[in-house]
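Student: got a structure for you, letters missing:
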């Protein structure tokens, strides 16, 4: 009886988890994979927020909010002239430390290293996007096989497990190769030590965004789905051997 209840749970839960993995992998393709934004401290000092999102289609989406006004801009990562857009105009902040007041200006558009970083992301997405699409296709196939195995009891556990493992590997490679091939994929920009008041203050931070994490989550979900599939295959194999 306990075994029957376990199978019933698998029939419901595993396909749902596999379907969720498909949704996450599909959504990841259209979400930002890398983002840069001004730090909370700088936002408080300037009442201004700047965010830049990079996706798999080699575009940057920038947004700057000042008080109640928001300006947005979308352009190709390789279009360096767009970095000089008004959306990247200097942010000025004032800070007082005791009797000493200091003014600091910040402009992402003038950061050569940042431009080089986004170019590296553009080059790397030439491989990341196809990998993610292939991973999505394999996840869909895995989900269909899981439905067949759990609903019809057909002896396809071995093939389901093989395709699922391949799907998980591809979905893991896609975000990891992006992170490993971009210099300082995680990072922050600090004020130089020469500033007496702003010394070591964080101005901006950057790192992986929602699409990057969704792909990893889809891979982990598929791995979770494969555990009971593997158990079902082992049980079927033992039953076959006992009948010989």
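Tutor: Sure, I can see it. Treat the numbers as computed from the prediction; the structure is a model and nothing was measured. Residues are numbered from 1 along each chain as shown.

Student: tally of neighbours for residue 150?
Tutor: When counting by other Cβ atoms under 10 Å, one arrives at 23 neighbours for residue 150. Bear in mind the C-beta positions are built from the backbone N, C-alpha and C, glycine included.

Student: isn't it right next to residue 15, touching?
Tutor: Yes: between residue 150 and residue 15 there is a contact at 6.1 Å, judged by Cβ atoms under 8 Å.

Student: what ranges do the helices span in this structure?
Tutor: With DSSP state H applied, the chain shows helices at 2-30, 40-46, 112-152, 157-180, 210-243, listed in chain order.

Student: ok, now how distant is the residue most central in space within the chain from residue 104?
Tutor: Geometric centre of the chain, nearest residue: residue 212, 1.2 Å, by Cα atoms, centre = their mean. For residue 212, the distance to residue 104 equals 30 Å [Cβ to Cβ, to the nearest Å].

Student: can you pull the contacts of the residue nearest to the centre of the chain?
Tutor: Contacts for residue 212 (Cβ atoms under 8 Å, 6 or more residues apart in numbering) come out as 28, 33-34, 175, 178-179.

Student: So for it, what's the pLDDT?
Tutor: pLDDT recorded at residue 212 is 98.

Student: contacting residues for residue 110?
Tutor: 83, 88.

Student: one more time with 6 Å, if that's ok
Tutor: Under the criterion of Cβ atoms under 6 Å, 6 or more residues apart in numbering, the contact list for residue 110 is empty.

Student: how many neighbours does residue 164 have?
Tutor: The number of residues near residue 164, taken as other Cβ under 10 Å, comes to 25.

Student: how far away is it from residue 209?
Tutor: Going from residue 164 to residue 209 by Cβ to Cβ gives 26 Å.

Student: Highest mean neighbour count out of the helices of the chain?
Tutor: Across the helices of the chain, averaging neighbours per residue (mean count of other Cβ atoms under 10 Å) puts helix 157-180 on top, at a mean of 20.
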